[in-house]
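Asks: Kindly generate the corresponding structure for this input.
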Amino acid sequence: MPVCPACGQVNPEVARFCLACGTPLAAADPPGVERRIVTVIFVDLVGFTARAERLDPEEVQAVLAPYHDRVRREIESFGGVVEKFIGDAVMGLFGATFAHGDDAERAVRAALVVRDSVGELAGGDLQIRIAVNTGEAVVSRGARPELGESMVAGDVVNTTARLQAAAPVNGIVVGAETYRETRAMIEYQPTEAVVAKGKERPVEAWIAVRALTAAGDRPLSGATIVGRDSELSILRSFWERALNDNLPHLVSIFGPAGLGKSTLAVEFARIATESGARVVHGRSLPYRESGTYGSLASQLMQLCHVFYSDPAPMVADKLRARTAELLADGDADPNVVAGHLGVIVGIDAGGEASDRDTLFASARQFIEGAAREQPTVLVFEDIHWADANMLDLIETLATRVRGLPLLLLTLSRPELHDTRPHWASGISAYTALTLEPLGEQHARALAARRLVDIARVDEVIRVAEGNPLFIEQLAATIDEIASGALPTSVRALLAARIDALPRAERALLIDAAVVGKVFWQGALDAMGAGNGDVPQLLEQLERRDLVRREPASMLEGQQQFAFTHVLIRDVAYDLLPRADRARRHALVAEFFEGTTGTSREAIGALARHWRNAGDHERAVKQLVRAAEQAERGWAKDHAAFLYLEALGLVPADDVEQTNALRRRVAVAAQASFHVTDVRRRESPPA
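Replies: Numbers count the residues shown, from 1 in each chain. Just a heads-up that it's a prediction; the model follows:
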């Protein structure tokens, strides 16, 4: 069934547009099997089996129907899907059909809402146990849960079920990976490890208490910003123009997740505040409470001193009072404007706009009044998730407000250009800034601040490649995860970026990942990638800064490309199940055999691809060739390593080849200790 590429909603086969958000479904991914990081949520009623035994079947249905509906609604409101109902148990999934980058957090927030709302059902006498757990699973993207088809398989599902059985009544237990991914946003209490059937060791667990941050907020480091002096200088110059010359300006900061857009905005807000500005933040959310004008609604509430806990009549009173105060000397009717602001905020404040232009005019008049009262900076975060009407309103403000100290600052991922290719076009007072990864000097400085073990700085900056969030996540988890493994938070963010691609671009990127960090169009053609549109698809991926053309190529007549970040390649590759990987590696190996020579790099590539294709006989042949070349180049230690790798691929019953490789290992290893002893007397010092 078509899965929406924008919000992850599963749609019926006949749907041409997403039933949840309206996105065209031509870009939806076809059914298939992938390896994905998912978060599983299990919700189960306590003691309901015994209770149901005493009830009439219709009474059981009267209890279960609203319970199932409430749990399903809450899970879906946070972007998850319900995989199945099993009696009084509900299993939900986050990140299975579409990665959002924060699926573990969404699942825990959904669990908190379910926990707090279940008392409203069946007279308030229902009790539940909930578990949330994150891990890798095999996902059937074309499965239809509503028809009883299973969507996921993996230990993460079984472990979640075991955790749920051990959860306290009306409590939420989470596993280690979920805890690591959400501990900055959710308050937890430690609990004893769960002794689970079939598990060799007790399963670490924590109890979720409450959310520490608002949905979508990310705790930012208190340390000084690193490596963004030029961007801060640009922001400061536009703010000084707005402040001193009353020249409003719209600035959009673009960059993939983790490059530090929010950190830059916070630092700029500090600078602007010191100059007398009022800085007001608003955020667009991809789920739950995010209304049409969610970001501006939050800003209006802050400007009117409204709290989310205020009842609707109090909100209306505050809107009217604040509007009357700000528009006292203007031509606009404060009561009319307040009524329109109520529409944006989502309450009835005594008026409705006759059309959208009138609504926008009232919002502009209020913002103008706020800027006259005090120089103002409005920060709109995550506008790539904003409704089209919200984006229109920002552009209207940037176009219509004149002669006032106002700066509009928007933060967005590059995906905004897909849904809004002409964003801010025609606005003269507009500037776009694209954040780049940190240079090595600044990346090293940031890593050194975050790491306890300074000796591991090189390891972190090599993997993170200048992404500040990746540096911080790697530094935070480097002692908690297996060597060479990626933190789930990093994998989730990159998976979300890959999932957001149109179908053909996503498929090509995954095929390219099989070739390696560096790849060639010919290798993609050999795999049958792109349906003949490989050049155009590569151009699109290059435009999105996922791959880049390299100025030189190791293969004559073949344009060479590289992933802009090795982690993008790794996460894309990890999506493939083993059988698909093996088939693609065999095709790539055949391509290299027909196009490469006898260089050590070419032989090494052949060995790697044949090994990953499962053809160990051909892999051993190439590894031995590479080892022989290494020996001729006096790289005896590397030769021994290659012989050992080949030895590990030889069948146990092939005694002759096993003995021959063992002898070669021994000779190469022995020689590696005496390289300096056999150096010719006339040779220059090493």
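Asks: where in the stretch 201-350 of the chain is pLDDT low?
Replies: Where the stretch 201-350 of the chain drops to pLDDT under 70, the residues are 219-224, 288-291.
Asks: those helices in it, which residues are they?
Replies: Ranges of helices within the stretch 201-350 of the chain are 229-245, 261-274, 294-303, 312-326, 334-345, based on DSSP state H, counting those that start in this stretch.
Asks: Can you redo the ones you listed as CSV, where the extra columns are distance to residue 132?
Replies: For glycine as for every other residue, the C-beta is placed from the backbone atoms N, C-alpha and C. What follows is these, written out as CSV (distance: least, CB to CB, whole Å):
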stretch, distance to residue 132
helix 229-245, 37
helix 261-274, 25
helix 294-303, 26
helix 312-326, 33
helix 334-345, 32
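Asks: and residue 564, which of those helices is closest to it?
Replies: Closest of the helices of the stretch 201-350 of the chain to residue 564 is helix 261-274, at 17.5 Å (criterion: CB to CB).
Asks: mind checking how far the residue lying closest to residue 533 once chain neighbours are set aside is from residue 141?
Replies: In this structure, residue 533 finds its nearest non-sequential neighbour in residue 504, 6.7 Å apart by CB to CB, 6 or more residues apart in numbering. Residue 504 sits 16 Å away from residue 141, going by CB to CB, to the nearest Å.
Asks: still on that earlier bit, C-terminal to the strand or helix carrying the residue nearest to residue 533, what's the next element?
Replies: Applying DSSP states H and E as the criterion places residue 504 in helix 503-515. Counting by DSSP H and E, the element after helix 503-515 in chain order, helix or strand, is strand 518-520.
Asks: List the contacts of residue 468.
Replies: By CB atoms under 8 Å, 6 or more residues apart in numbering, the contact list for residue 468 reads 226, 258-260, 263, 438, 443, 446.
Asks: nearest to residue 406, of those?
Replies: Closest approach between those and residue 406, by CB to CB: residue 263, at 23.0 Å.
Asks: neighbours of the closest one, just the number please.
Replies: Burial measure for residue 263: 19 neighbouring residues, criterion other CB atoms under 10 Å.
Asks: That one touches residue 227, doesn't it?
Replies: No - Residue 263 lies out of contact with residue 227 (CB atoms under 8 Å); the separation is 10.5 Å.
Asks: what ranges of the stretch 501-650 of the chain fall below the confidence cut-off?
Replies: 596-601, 634.
Asks: those helices in it, which residues are they?
Replies: So, for the stretch 501-650 of the chain - with DSSP H, counting those that start in this stretch - the helices run 503-515, 521-526, 534-543, 566-574, 578-595, 600-612, 616-632, 636-647.
Asks: what's the answer for the stretch 351-500 of the chain, then?
Replies: Going by DSSP H, counting those that start in this stretch, the stretch 351-500 of the chain shows helices at 356-373, 388-400, 416-419, 440-450, 457-464, 468-477, 488-499.
Asks: And residue 350, how close does it get to residue 333?
Replies: 12 Å.
Asks: actually residue 48, not the one I wrote
Replies: Taking CB to CB, one finds residue 48 at 57 Å from residue 333.
Asks: neighbour-wise, which of these two wins?
Replies: residue 48 (21 against 15).
Asks: Now do the phi/psi pair for the nearest residue to the more buried one once chain neighbours are set aside.
Replies: For residue 48, ignoring the flanking residues on the chain, the nearest one in space by CB to CB, 6+ apart is residue 88 at 4.4 Å. Backbone geometry at residue 88, expressed as degrees, to the nearest 10, gives phi -100, psi 10.
Asks: list the contacts for residue 574?
Replies: So residue 574 contacts 35, 491 (CB under 8 Å, 6+ apart).
Asks: Look at residue 676 and report its pLDDT.
Replies: Among the per-residue scores, residue 676 shows a pLDDT of 50.
Asks: tell me which element residue 65 is part of?
Replies: Going by DSSP H and E, residue 65 is part of helix 57-77.
Asks: on that earlier part again, distance to residue 589 for the contacts of residue 468 - can I get that in a markdown table?
Replies: Listed next are the contacts of residue 468 as a markdown table, based on distance: CB to CB, whole Å:
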| residue | distance to residue 589 |
| --- | --- |
| 226 | 43 |
| 258 | 34 |
| 259 | 36 |
| 260 | 40 |
| 263 | 44 |
| 438 | 37 |
| 443 | 35 |
| 446 | 40 |
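Asks: In three-state terms, label residue 138 for me.
Replies: strand (DSSP: H, G, I helix; E, B strand; the rest coil).
Asks: can you tell me which residues contact it?
Replies: 33-36, 152-154, 577.
Asks: Same check on residue 394?
Replies: Applying CB under 8 Å, 6+ apart, we find residue 394 in contact with 250, 380, 383, 386, 408, 410.
Asks: For the last one, grab the count of nearby residues.
Replies: Summarising burial for residue 410: neighbours were counted as other CB under 10 Å, giving 28.
Asks: do the fifth one as well
Replies: Per other CB under 10 Å, the neighbour tally for residue 408 reads 24.
Asks: for the closest residue to it other than its chain neighbours, what are its contacts?
Replies: Closest residue in space to residue 408, ignoring its immediate chain neighbours: residue 250 at 4.5 Å, by CB to CB, 6+ apart. With contact set as CB under 8 Å, 6+ apart, residue 250 has these partners: 394-395, 397-398, 408, 410, 424, 427, 429-431.
Asks: Pull out the buried residues from those.
Replies: Neighbour-count burial (16 or more other CB atoms under 10 Å) is assigned, among the contacts of residue 250, to 394-395, 397-398, 408, 410, 424, 429-430.
Asks: Return the member of these nearest to residue 319.
Replies: Nearest to residue 319 among the buried ones among the contacts of residue 250, with distances taken as CB to CB, is residue 397, at 18.4 Å.
Asks: which residues touch the closest one?
Replies: Applying CB under 8 Å, 6+ apart, the residues contacting residue 397 are 250, 363-364, 367, 378, 406, 408.
Asks: Let's see that with 7 Å instead.
Replies: 364, 367, 408 (CB atoms under 7 Å, 6 or more residues apart in numbering).
Asks: So the last one is in contact with residue 396, correct?
Replies: Think residue 408. No - using CB atoms under 7 Å as the test, residue 408 is too far from residue 396 to be in contact (10.6 Å).
Asks: Stretch 353-366: which residues count as buried?
Replies: 353, 359-366.
Asks: want to throw the residues you listed into a markdown table with pLDDT?
Replies: Shown next, in a markdown table, are the buried residues of stretch 353-366 (pLDDT from 0 to 100):
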| residue | pLDDT |
| --- | --- |
| 353 | 78 |
| 359 | 92 |
| 360 | 93 |
| 361 | 94 |
| 362 | 93 |
| 363 | 94 |
| 364 | 95 |
| 365 | 95 |
| 366 | 96 |
